[in-house]
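J.: Next come a sequence and a model predicted from it.
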Amino acid sequence: MAMRAGKQNVMFENLTATSGSYLDRMGLFEFTQQKSPYTINKKEESGRFIPITVIKNSTEQSKFITDMVPLLHLPADKTDAIKYTIGELLRNVLEHAGSTAGAIVAAQYYKKSNTIRIGICDGGIGMKKSLQHYWASRSKTDIEAIKWAMVPGISGTTRKEGGTEDNAGAGLFFIKSIAQVARNYFMIYSGSGIYKLLLHDKRVEKPRLHPDPDDDRHSERNDAPYFQGTLVAIDLSLENKSEFTQLLSAIREVYGKAVRDRKRKKYKEPRFI
């Protein structure tokens, strides 16, 4: 909002929240060029969090991902899922959001729970408008667009099942599946729609991956305060013992089967001449 309105037109009034010092440390006031009403001792960022950062192109994306890993002091064998997730989310913004301001990203590592919390948003056209050209019948509302964007093989750049070589329509499905397998928090907010994945019972050793987001345990609404653009929030637990390459392979199998099944169903539909 600050980037769209112009930072000179932004002002925070009567801030009394106890979380205000956290907003200061994450760089909100510096980002909006506002004087912080809080007096805090700046702590070393390394090993704890990455403040609000703007990414405008693929070069900045690559540099951010490279710099992020040592900044959070994470073990090398635990970074693949994080790099993949942030890379995919940033690429989605840069290629589909239509945001001239780029992507805004922030992250924090929680040592006690051994979890990294990631938030990425943009002030672009939103998911509904991004899908309207090729998938208008599937994106009549914001929540419909959010769910359709998570279906394997769906891309806003083509009506072709399975997408294209450059845009296979896999990113959001893969990221949702990563969160689901690890029983982590996952949420998408765009326009007036919010989709939130609900945690699975811990007694279920291997949660089933569903191609259709409606089949996942989730909450949704289409009457949230309107948000121009898209916000994705995800927690990634570093306690997950599954090898990331094995996890991606399992997700890829579900993705491939879902695309093939939809293609077969499409070809079997009656055609009237």
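T.: That came through, no problem.
J.: Which stretches in the stretch 151-273 of the chain count as strands?
T.: Under the criterion DSSP state E, counting those that start in this stretch, the stretch 151-273 of the chain contains strands at 186-191, 193-197, 218-221, 227-237.
J.: those helices in the stretch 1-150 of the chain, which residues are they?
T.: Using DSSP state H, counting those that start in this stretch, the helices found in the stretch 1-150 of the chain span residues 2-5, 20-25, 28-31, 58-71, 80-96, 126-135, 142-149.
J.: Now the fifth one: buried residues?
T.: Translated: helix 80-96. 81-82, 84-90, 92-96 (16 or more other CB atoms under 10 Å). Any C-beta I mention is one placed from the backbone N, CA and C, and that applies to glycine too.
J.: Poorly predicted segments of the stretch 1-150 of the chain, please.
T.: For the stretch 1-150 of the chain, applying pLDDT under 70 flags the ranges 1-33, 36-47, 73-78.
J.: Could you rerun that using 80?
T.: 1-48, 69-81 (pLDDT under 80).
J.: beta partners for residue 233?
T.: residue 119, residue 187 (DSSP bridges).
J.: Save the helices of the stretch 1-150 of the chain as CSV, and put in distance to residue 262 too.
T.: Formatted as CSV, the helices of the stretch 1-150 of the chain follow (distance: least, CB to CB, whole Å):
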stretch, distance to residue 262
helix 2-5, 37
helix 20-25, 44
helix 28-31, 42
helix 58-71, 30
helix 80-96, 21
helix 126-135, 13
helix 142-149, 12
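J.: nearest to residue 193, of those helices?
T.: Among these, the nearest to residue 193 by CB to CB is helix 142-149 (3.2 Å).
J.: name the helices or strands packed onto the closest one?
T.: helix 126-135, strand 186-191, strand 193-197, strand 218-221 (3 or more CB pairs under 8 Å, 6 or more residues apart in numbering; DSSP states H and E).
J.: which other residues reach that helix?
T.: Around helix 142-149, the neighbours that count as contacts under CB atoms under 8 Å, 6 or more residues apart in numbering are 126-128, 130-131, 135, 138-139, 154, 156, 172, 188, 190-195, 213-214, 220-222.
J.: switch to 7 Å and redo it
T.: With CB atoms under 7 Å, 6 or more residues apart in numbering as the test, helix 142-149 has contacts from 127-128, 131, 135, 138-139, 154, 172, 188, 190-193, 195, 213-214, 220, 222.
J.: Mind checking which of the residues you listed are buried?
T.: Here, 16+ other CB under 10 Å leaves 127-128, 131, 135, 139, 154, 172, 188, 190-193, 195, 213, 220 buried among these.
J.: farthest pair in those?
T.: 154 and 192 (20.7 Å).
J.: Go through the helices and strands packed on helix 142-149 and name the closest to residue 179.
T.: Closest among the helices and strands packed on helix 142-149, using CB to CB: strand 186-191, at 3.8 Å.
J.: and the closest one, what's its mean pLDDT?
T.: Taken as a whole, strand 186-191 carries a mean pLDDT of 96.
J.: what packs against it?
T.: Here strand 186-191 touches helix 126-135, helix 142-149, strand 193-197, strand 227-237, going by 3 or more CB pairs under 7 Å, 6 or more residues apart in numbering; DSSP states H and E.
J.: tell me the angle it makes with helix 126-135.
T.: 80 degrees (axes from the mean of the first three to the mean of the last three CA atoms, to 10 degrees).
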